[in-house]
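Visitor: model this:
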Amino acid sequence: MPAKAGIHKSFENFCSLNVERVKKMNITVADDKLKEIMKTALLELLQEKKDIFEEVIKEVLEDMALLHAIREGEDSPLVSEEVIKFNEKTLCTL
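Guide: Predicted structure coming up:
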């Protein structure tokens, strides 16, 4: 299984397990206490699963850069194949 697929599957499994746990609970919590609990849980998750979050953030940044490059290319003028080949040859001789 590719790393990206494994990360997504791990995250899906984590989320589904916690959703099921929450559905089974019948708890009333004040807003400020809930906020504190959520912060603590998120911090613990980030510390324990740091590698997963690093990979997810890396993938998001790569996707954003690719999208930016595509949009930039859509707004620029077309270049002939000869110009591209000329630039390749010039770069290869450097």
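Visitor: need the pLDDT of residue 20.
Guide: For residue 20, the pLDDT comes out at 63.
Visitor: nope, residue 23 is what I was after
Guide: On pLDDT, residue 23 comes in at 62.
Visitor: same question, residue 14
Guide: Confidence score, pLDDT, at residue 14: 62.
Visitor: any idea how far residue 33 lies from residue 40?
Guide: From residue 33 across to residue 40, the span is 11 Å (Cβ to Cβ, to the nearest Å). In this view, the C-beta of every residue, glycine as well, is placed from N, C-alpha and C.
Visitor: what is the neighbour count of residue 88?
Guide: Counted by other Cβ atoms under 10 Å, the residues lying close to residue 88 total 10.
Visitor: so it is in which element?
Guide: helix 81-92 (DSSP states H and E).
Visitor: for residue 30, see how far away residue 89 is.
Guide: 70 Å.
Visitor: tell me the buried residues in the helix ranked longest in the chain?
Guide: Scanning the chain for the helix with the most residues, using DSSP state H, yields helix 50-74. By neighbour count with 16 or more other Cβ atoms under 10 Å, helix 50-74 contains the buried residues 52, 55.
Visitor: what's that helix packed up against?
Guide: On a contact count with 3 or more Cβ pairs under 8 Å, 6 or more residues apart in numbering; DSSP states H and E, helix 50-74 meets helix 3-24.
Visitor: and stretch 30-48, average pLDDT?
Guide: For stretch 30-48, mean pLDDT is 85.
Visitor: same thing with stretch 51-62?
Guide: pLDDT averaged over stretch 51-62 gives 89.
Visitor: thanks again, I'm all set now.
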